[in-house]
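A.B. asks: Below are the sequence and a predicted model for it; my questions follow.
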Amino acid sequence: MKAAIFAYSRQGCETAKRVRACLEADDVRVYTMERLSQPGFECIEKPTNAFYGALFRQMDAMIFVGSCGIAVREIAPHVKDKKTDPAVVVIDELCQHMIPLLSGHIGGANALAERLARNLGAAAVITTATDINRKFSVDAWAAGNGYVIADMSAAKAVSAAVLEQNVPLLSDYPVVTEYPRGVVSGDSGAVGICISCKIKEPFENTLRLIPPILHLGIGCRRDTDAAVIGEAVESVLREHGIDRRSIKCVASIDLKKNEPGLLRFCEDNCWPVCFYSAEELAALTGDFSSSEFVSRITGVDNVCERAAMASAEHLIVRKTARNGVTVALAEEKWEVRFG
């Protein structure tokens with residue numbers, strides 16, 4: 001975690017040192033006003049709007065040792081989206097109260113405040129309704145377990161509903177723990193949660209939580225353009241109703257490791273790519289499509305299916321050819337765990 005701590009008085013600087021000590025395993029920078037400058041502290045720069053704005057974009061957490069008013073004034077021009085805003089926590093200069101001010105759930109401000117409170121003998125002042133009522137906080141749980149939240153408005157609807165009633169959850173993957181308070185197994189209702197890599201809406205208002213667990217296997221002719229590869233992949237995803245946000249990585253044979261179009265396609269989508277040798281792919285066991293032509297060219301009978309399966313559990317989309325590109329999808333093992 002990258003964190004910035006700000007202090008505005010001499011007592012605040014002493015508290016900031018204690019906070020920094022609690023975060024010693026993290027990447028932490030500590031700031032104070034020029035007149036309070038001391039070793040280990042950097043100066044708060046002017047103009048302050050640009051100074052705080054840059055840190056707001058760079059940091060995972062911003063910790064203000066001072067009043068809530070100071071923090072609000074400094075972050076207000078930069079607040080944009082709860083999915084991307086950093087955690088903001090306010091600590092009074094006597095280190096008595098830890099107040100999560102922004103991004104309590106997804107950004108982790110609530111958890112950070114509670115962590116600091118435990119270590120510093122202070123009280124965490126939590127105000128989010130699901131937390132104080134000890135109900136399931138879907139956005140915090142999703143963020144903490146690696147899910148992509150498809151729609152934040154649906155997440156808000158679930159958080160509101162769980163305060164009044166049990167919310168149904170439908171999962172394509174086994175739920176291996178007890179359901180949390182406020183959530184039950186179900187497949188219909190006004191508001192509900194669906195855990196799936198596919199685009200589906202079983203509830204009137206569905207919050208889709210997407211596990212990024214699909215491995216995209218790709219084979220292509222030499223010098224295939226990135227746009228052509230992209231069109232082939234999008235076609236396959238549409239045909240099978242798969243949300244592209246469920247893709248974790250791309251895989252292919254090492255003969256393609258310098259293929260410009262494939263590399264550009266992966267870069268454009270921010271997907272890491274893994275390359276495997278023909279020997280590694282051929283050693284995989286399973287039911288794969290086979291092509292003598294591909295075997296003569298690459299040394300293995302199938303590239304896309306085998307590459308997709310190289311570090312996944314089972315094939316969910318078999319080899320599909322589109323304009324000189326072959327596409328397959330494999331899925332990692334996934335279980336739903338609460339608590």
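C.D. replies: Everything's here; your move.

A.B. asks: what's the pLDDT at A3?
C.D. replies: Note for A3: predicted pLDDT of 95.

A.B. asks: Which of the helices or strands spans it?
C.D. replies: Per DSSP states H and E, A3 falls inside strand 2-7.

A.B. asks: Paired strands for that strand, with orientation please.
C.D. replies: Here strand 2-7 is paired, per DSSP bridges, with strand 27-32 (parallel), strand 61-65 (parallel).

A.B. asks: Can you report how many residues neighbour S37?
C.D. replies: When neighbours are defined as other CB atoms under 10 Å, S37 has 12 of them. Placement of C-beta: from N, CA and C, glycine included.

A.B. asks: And V327, by the same measure?
C.D. replies: Per other CB under 10 Å, the neighbour tally for V327 reads 26.

A.B. asks: dump the residue contacts of L112.
C.D. replies: By CB atoms under 8 Å, 6 or more residues apart in numbering, the contact list for L112 reads A61, I63, A87, V89, P100.

A.B. asks: export the residues you listed to TSV and tack on distance to S252?
C.D. replies: TSV is the format used below for those (distance: CB to CB, whole Å):
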residue	distance to S252
A61	38
I63	44
A87	38
V89	44
P100	44
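
A.B. asks: between those residues, which is nearest S37?
C.D. replies: Proximity of the contacts of L112 to S37 (CB to CB) peaks at I63, which lies at 18.9 Å.

A.B. asks: Who are the contact partners of the closest one?
C.D. replies: A3, A4, I5, F6, A16, V19, V88, V89, V90, I91, L112.

A.B. asks: please redo it, this time with the cut-off set to 6 Å
C.D. replies: Contacts for I63 were tallied using CB atoms under 6 Å, 6 or more residues apart in numbering; they are I5, V89.

A.B. asks: so it bridges to which residues?
C.D. replies: Here I63 sits in beta bridges with I5, V89, going by DSSP bridges.

A.B. asks: And V183, by the same measure?
C.D. replies: As for beta bridges, V183 partners with V167 under DSSP bridges.

A.B. asks: how many other residues sit next to it?
C.D. replies: Residues lying near V183 (other CB under 10 Å) number 22.

A.B. asks: That one: what's it in contact with?
C.D. replies: Per CB under 6 Å, 6+ apart, neighbours of V183: F136, V167, L169.

A.B. asks: same thing but at 10 Å, please
C.D. replies: 135-136, 138, 141, 158, 162, 166-169, 175, 192-193, 338 (CB atoms under 10 Å, 6 or more residues apart in numbering).

A.B. asks: and if you look at A155?
C.D. replies: 82-83, 105-106, 137-139, 142, 149, 193, 207-209.

A.B. asks: on that earlier part again, can I get the contacts of V183 in JSON lines with distance to V294?
C.D. replies: Output for those, formatted as JSON lines (distance: CB to CB, whole Å):
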{"residue": "K135", "distance to V294": "53"}
{"residue": "F136", "distance to V294": "48"}
{"residue": "V138", "distance to V294": "45"}
{"residue": "W141", "distance to V294": "43"}
{"residue": "V158", "distance to V294": "46"}
{"residue": "V162", "distance to V294": "51"}
{"residue": "N166", "distance to V294": "52"}
{"residue": "V167", "distance to V294": "48"}
{"residue": "P168", "distance to V294": "46"}
{"residue": "L169", "distance to V294": "42"}
{"residue": "V175", "distance to V294": "40"}
{"residue": "G192", "distance to V294": "44"}
{"residue": "I193", "distance to V294": "42"}
{"residue": "F338", "distance to V294": "44"}
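
A.B. asks: mind saving the C-alpha coords of stretch 261-277 as CSV?
C.D. replies: Output in CSV follows, covering the C-alpha atoms of stretch 261-277 (Å, rounded to 0.1, in the frame of the first residue of the first chain):
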residue,chain,number,x,y,z
GLY,A,261,-0.3,-7.6,-33.6
LEU,A,262,-0.7,-10.1,-30.7
LEU,A,263,1.5,-8.0,-28.4
ARG,A,264,-0.3,-4.8,-29.3
PHE,A,265,-3.7,-6.5,-28.7
CYS,A,266,-2.6,-7.6,-25.2
GLU,A,267,-1.1,-4.2,-24.4
ASP,A,268,-4.3,-2.3,-25.6
ASN,A,269,-6.4,-4.4,-23.2
CYS,A,270,-3.9,-4.4,-20.3
TRP,A,271,-3.8,-8.2,-20.3
PRO,A,272,-0.6,-10.0,-19.4
VAL,A,273,0.5,-12.6,-21.9
CYS,A,274,2.2,-16.0,-21.3
PHE,A,275,4.0,-18.0,-24.0
TYR,A,276,4.6,-21.7,-23.9
SER,A,277,6.9,-23.9,-25.9
